[in-house]
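Enquirer: Make a model of this:
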Amino acid sequence: MKSNLSFSSRTLGLGASFILLLTAAQSQAARIDVYSGQELQQAIQAAVAGDEIVLQPGGYESEATSTLSGFSNAHYFGSANGTAQKPITLRSYSSTNRQILRGTTTSKKIGLYITGDYWIVKDIEITNSAKGIVLDNSNYSVIDNVVVHDIGEEAIHLRDNSSNNLVKNSRVYNTGLVSPGTGEAFYVGSHPGSSDGKGYVYGAACHNNVIGGNTIGPGIAAEHIDIKEGTRGTIFEYNVMNGIGITGQNSADSFVDIKGQYAVIRGNKAYRNGESNVKNAFETHSDADQNTFIGNQVDLDGSNDYLLFASEGVNHVANNNIRLDGRSDRIAGNWSAASIDNNIPANIPAPGVYVTNATTSSTASSVASSPKSSTASSIKSSVQSSIKSSAASSVATTGCSSYIDVAWDQRTELTLTSSSCVRFNRNLSGATVQFWDSDTNSSCDYRGTAASVNGSGSVLINSNYLAASSLSGTILKFSNAAGSSCNYIKVRAY
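Expert: Sure, this is the predicted structure:
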């Protein structure tokens, strides 16, 4: 068959390779390969809908000036709008070899600053700047498989009316190195009246953002997420949090602080890990109202603090929130200005599916919507369809209808089901995975196989202890041997 594809090119200068792919109908897709910080700065500024900017292995150190980056307070700055059909993509050439966008100091500048709609930022690492990634007035954008660390203030900020965005499968650690009180991992919205210092006040309407499947900490100096006044419909789900490093400065003494409304806090795991500055795991304050808490697991070292302490508003707390440290009597508490019930709203979006794996793309099965509004119906159909179809494909491919999350380098007792899979927050390639007979459930001994469903390798478990270093991927599917029905096992990966 004769091809209907033809090629054209645009010159960006600085040696960047830019190829424009045209169809017979003249619809276009563009790929720009860059090799240095200056080439990247120019490519981001010149981006148009449909562009794919690919970071080849190189050095991406940057000096932020308005001449080079297009915005003097950011090392890398993009303001163009993509579309649902033609998003603008910024990624490393290899998802397993993230290129590092490195600033010059943790006391100044934003690492990556996006003010356009429909951006996809993935497979990169950002470090050594005052703020990591900031989205201002950016909608329907995706941040996937990024690492943000060693940052002077907050790591990822969804600000100034940024809505319907998704941050997934990423890692954040070592924030607040210069300003511990503003060293949040994730920050949604803004403190009332916050401005750019030149009179412009940031918009508070940051609605329907999803933050899921991320590994947070250690070294997060403030809250792991701060959801501000004026925001609605934030979903924070299936994240794993390490409390070591929370400083208590600027009242930062919880993993999750909610001042917005209609947030959903779901399926998260939070470990105090001996950090005395952590008090209650989740807190509500200020204008908080109609927030929902489902299926969270919290270890506060047996303290008298609460999984949730509510200062404001109506709080819906499901019965499946648990304390991993045995304090079932300290799940939820509240001041008189707040109330707690277990009336979970029926129209909360279904959970997302997240897989932190550099070689497998990961998606959520839904985009956040406010339980009170019909915002979900306004989400662009192409984005929604892509997310839903990817999630369905993931279940069909892996055979996993649910996941048991296992923290890295921790011996973890598991109760398996026929359709559940075990998920680690790092790739098992090069790691050792240990399997033991269960200590807490000694009525039977698991015998069967553990096979990677998003990598390679399998292990035959036929004794009371086994160690393997041949696995890759992040998800293991367990299958009982013939005649064996035991579902109890203990595992550790390191």
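Enquirer: R492: neighbour count?
Expert: For R492, the number of neighbouring residues by other CB atoms under 10 Å comes to 18. C-beta here means a position set from N, CA and C on the backbone, and glycine is covered the same way.
Enquirer: quick one, strands of the stretch 301-450 of the chain?
Expert: 308-310, 313-317, 322-323, 332-334, 338-341, 402-406, 412-415, 420-424, 433-436, 448-452 (DSSP state E, counting those that start in this stretch).
Enquirer: Please render those as JSON lines that adds mean neighbour count to the earlier fields.
Expert: Compiled in JSON lines, these are given as follows (neighbours: other CB atoms under 10 Å):
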{"stretch": "strand 308-310", "mean neighbour count": "25"}
{"stretch": "strand 313-317", "mean neighbour count": "21"}
{"stretch": "strand 322-323", "mean neighbour count": "18"}
{"stretch": "strand 332-334", "mean neighbour count": "18"}
{"stretch": "strand 338-341", "mean neighbour count": "15"}
{"stretch": "strand 402-406", "mean neighbour count": "18"}
{"stretch": "strand 412-415", "mean neighbour count": "14"}
{"stretch": "strand 420-424", "mean neighbour count": "22"}
{"stretch": "strand 433-436", "mean neighbour count": "19"}
{"stretch": "strand 448-452", "mean neighbour count": "20"}
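Enquirer: which stretch among those comes nearest S36?
Expert: Across the strands of the stretch 301-450 of the chain, S36 has its closest neighbour in strand 420-424 (34.7 Å, CB to CB).
Enquirer: partners of the closest one, with directions?
Expert: strand 402-406 (parallel), strand 475-480 (antiparallel) (DSSP bridges).
Enquirer: Which one of the strands of the stretch 301-450 of the chain has the poorest average confidence?
Expert: Comparing mean pLDDT across the strands of the stretch 301-450 of the chain, the weakest is strand 402-406, with a mean of 83.
Enquirer: May I see the strands of the stretch 301-450 of the chain arranged in JSON lines, with distance to V210 as well?
Expert: What follows is the strands of the stretch 301-450 of the chain, written out as JSON lines (distance: least, CB to CB, whole Å):
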{"stretch": "strand 308-310", "distance to V210": "20"}
{"stretch": "strand 313-317", "distance to V210": "18"}
{"stretch": "strand 322-323", "distance to V210": "23"}
{"stretch": "strand 332-334", "distance to V210": "24"}
{"stretch": "strand 338-341", "distance to V210": "24"}
{"stretch": "strand 402-406", "distance to V210": "17"}
{"stretch": "strand 412-415", "distance to V210": "26"}
{"stretch": "strand 420-424", "distance to V210": "18"}
{"stretch": "strand 433-436", "distance to V210": "30"}
{"stretch": "strand 448-452", "distance to V210": "27"}
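Enquirer: list the buried ones in stretch 274-285?
Expert: Going by neighbour count (16 or more other CB atoms under 10 Å), the buried part of stretch 274-285 is E275, N277, V278, K279, N280, A281, F282, E283, T284, H285.
Enquirer: one step back: mind putting the strands paired with strand 420-424 in JSON lines, distance to N441 included?
Expert: Formatted as JSON lines, the entries for the strands paired with strand 420-424 read as follows, by distance: least, CB to CB, whole Å:
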{"stretch": "strand 402-406", "distance to N441": "14"}
{"stretch": "strand 475-480", "distance to N441": "15"}
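Enquirer: Let me see the backbone angles for I44.
Expert: phi -70, psi -40 (degrees, to the nearest 10).
Enquirer: per-residue confidence at it?
Expert: For I44, the pLDDT comes out at 96.
Enquirer: Next: the one 3 residues further on.
Expert: We note a pLDDT of 95 for A47 in this prediction.
Enquirer: That one is in contact with I88, isn't it?
Expert: Yes - applying CB atoms under 8 Å, one finds A47 in contact with I88, separated by 5.1 Å.
Enquirer: which of the two has more neighbours?
Expert: When neighbours are counted by other CB under 10 Å, A47 and I88 differ, and I88 comes out ahead with 26 against 23.
Enquirer: Now the more buried one: closest residue in space, sequence neighbours ignored.
Expert: Here the nearest residue to I88 in space, its sequence neighbours aside, is G82; by CB to CB, 6 or more residues apart in numbering that works out to 4.1 Å.
Enquirer: Quantify the burial of that neighbour by counting its neighbouring residues.
Expert: If you count neighbours by other CB under 10 Å, G82 ends up with 22.
Enquirer: tell me the contacts of it?
Expert: Contacts of G82 were listed using CB atoms under 8 Å, 6 or more residues apart in numbering, and they are A49, G50, D51, I88, G116, D117, Y118, W119.
Enquirer: And it, how close does it get to F478?
Expert: With the distance defined as CB to CB, to the nearest Å, G82 ends up 41 Å from F478.
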